[in-house]
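Visitor: Quick check, what structure comes out for this input:
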Amino acid sequence: MDLNEIERSIMEYVEKRWINAPKSPTIEDAFIHLTEEVGEIARQIFNKNLGSDKFDKDNLKEEIVDAFLDIIVLAKMNNLDLEKEVKNKLDKLHSRKELR
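Guide: Presented below is the predicted three-dimensional model:
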């Protein structure tokens, strides 16, 4: 599945999820949800570093994917061509002098 397919799929889900909601999700809603997911990633990493039995590797994977999908939603809500912007960023990173 390429990035455009992932974008289409997650946006279809978001539209279906919010179809009966009193209002459409806002950029602020998307950002708040993203920060919640990043917090859940942090909690799993914290638990792992403590050696806690609350660490759940499968949950960590799920939370990382949730955050990734939330970033896609946020990008789409801001009319970003994510594939183009990622390519541009990677080109910039690879052209840095310290990496040559």
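Visitor: Number of residues surrounding the closest residue to Ser24 other than its chain neighbours?
Guide: Distances taken as CB to CB, 6 or more residues apart in numbering place Trp18 nearest to Ser24, at 6.0 Å, with adjacent residues excluded. (Each C-beta comes from the backbone N, C-alpha and C, glycine too.) Neighbours of Trp18 under the rule other CB atoms under 10 Å: 13.
Visitor: my read: Trp18 touches Asp29, true?
Guide: No: contact criterion CB atoms under 8 Å: Trp18 and Asp29 do not qualify, at 9.3 Å.
Visitor: measure the residue positioned nearest the centre of the chain to Val38 for me?
Guide: The centre of the chain sits closest to Phe68, judged by CA atoms, centre = their mean, with a distance of 2.2 Å. Going from Phe68 to Val38 by CB to CB, to the nearest Å gives 11 Å.
Visitor: same question, Gln44
Guide: Taking CB to CB, one finds Gln44 at 11 Å from Val38.
Visitor: quick one: which of these two has more around it?
Guide: Remark: of Gln44 and Val38, Gln44 carries more neighbours, 22 against 16, as counted by other CB under 10 Å.
Visitor: what helix or strand is Lys89 on?
Guide: Lys89 is located in helix 82-95, with elements delineated by DSSP states H and E.
Visitor: For the host helix or strand of Ile72, what is the distance to the chain centroid?
Guide: In the assignment (DSSP H and E), Ile72 maps to helix 57-77. Relative to the mean C-alpha coordinate of its chain, helix 57-77 is positioned 3 Å out (CA atoms, centre = their mean, to the nearest Å).
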